[in-house]
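model this:
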Amino acid sequence: MHEIACPFCGREQAVELWDALVVDDDPGLREALLAGRINRVECAGCRKTFRVDKPLIYRDGEQDLFIHYDPLVGGRTLQDAETAFREATAELNRLLPPDVPPPETHLVVEWSELVERVFLLEEGLDARLVEHVKYMMFQQNPDKLSAEKKNLLFDAQDSTDEQLCFVVQDRATKKLEAVLNFARADYEALVNVFDSGDQLALLEEQFPGPYYNGRLRFLQDQAEE
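Numbering: from 1, shown residues only. Down below sits the predicted model:
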């Protein structure tokens, strides 16, 4: 239970919110997440609905997915989220039995990233490499694709054996505006390129922290230039 205030009318109320979604225990939680029903509240006063952005763990043992959603609200910064993530991951690894390998954990800070990461990992794609692909797409389309105003989100539903599909999302309105494709053969070629130690080190240098975001990295590199 959490005490929250309605962002529309200000009414305070106690609501039940999810802290962790363990899909192994309830497969319906995956569909609820993807449909946007998780941590969505209807105000008892004005009857308007809204999502409460709070930290959330998504765990699917069968698919080997472990995702930590830590929204940057209440003055939290990306550095705060990365520090908390590292501390939580270290504590989790410490508590695991010696013969149990630690899970591969992922950090996301936006709701759209959480949904995207579920789809992306279920498709067997490499999250860091996909963000590298997004980086290249922002780099190759600077006039049509503003990194300051637009997100690129992987679209599993419309992807095919030949093409990886990405949708352009306006960051202010959250509306989906266009579709861009990236040849799956080119992605597989990148997988082979970054399979070697030296090239993998370059990818890790591009995204050194636990949070991977091609759009932010592109903006950082632009600022440095």
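
Report the central residue of this protein.
Nearest residue to the geometric centre of the chain (C-alpha atoms, centre = their mean): Glu113, 2.7 Å.

Looks to me like that one is in a helix.
Yes. Counting by DSSP: H, G, I helix; E, B strand; the rest coil, Glu113 is part of a helix.

For Leu120, see how far away it is.
Between Glu113 and Leu120 the distance is 10 Å, computed by C-beta to C-beta, to the nearest Å. All C-beta spots, glycine's among them, are computed from the backbone N, C-alpha and C.

ok, now Ala201?
23 Å.

Show me which of the two is the more surrounded one.
A direct count of neighbours by other C-beta atoms under 10 Å for Ala201 and Leu120 places Leu120 higher, at 21 against 11.

Verify the stated contact: that one with Ala127.
Yes. The criterion here is C-beta atoms under 8 Å, and Leu120 meets it with Ala127 at 6.0 Å.

lowest average confidence, helix or strand, in this protein?
helix 197-206 (a mean of 82; mean pLDDT, DSSP states H and E).

and the angle for the following helix or strand past that one with helix 197-206?
Counting by DSSP states H and E, the next helix or strand C-terminal to helix 197-206 is helix 214-224. Counting by axes from the mean of the first three to the mean of the last three C-alpha atoms, to 10 degrees, helix 214-224 lies at 80 degrees to helix 197-206.

This structure: strands as residue ranges?
Counting by DSSP state E, one finds strands in the chain at the ranges 2-5, 12-15, 20-22, 40-42, 49-51, 56-60, 65-69, 105-108, 150-155, 163-170, 176-183.

and the last one, which residues are buried?
Counting neighbours by 16 or more other C-beta atoms under 10 Å, one finds that the buried residues in strand 176-183 are 180, 182.

who does that strand pair up with?
strand 163-170 (antiparallel) (DSSP bridges).

and the partner strand, what's its mean pLDDT?
Strand 163-170 comes out with an average pLDDT of 96.

which parts of that strand are buried?
So, applying 16+ other C-beta under 10 Å, buried residues of strand 163-170: 163-169.

Just the closest of those residues to Met137, please.
Nearest to Met137 out of the buried residues of strand 163-170 is Phe166 (C-beta to C-beta; 7.0 Å).

Can you get me a residue count around Arg94?
For Arg94, using other C-beta under 10 Å, the count is 8.

just Phe66 next, same as before
Look at Phe66: counted by other C-beta under 10 Å, it has 18 neighbours.

who does it bridge with?
Phe66 has these beta-bridge partners by DSSP bridges: Arg59, Thr105.
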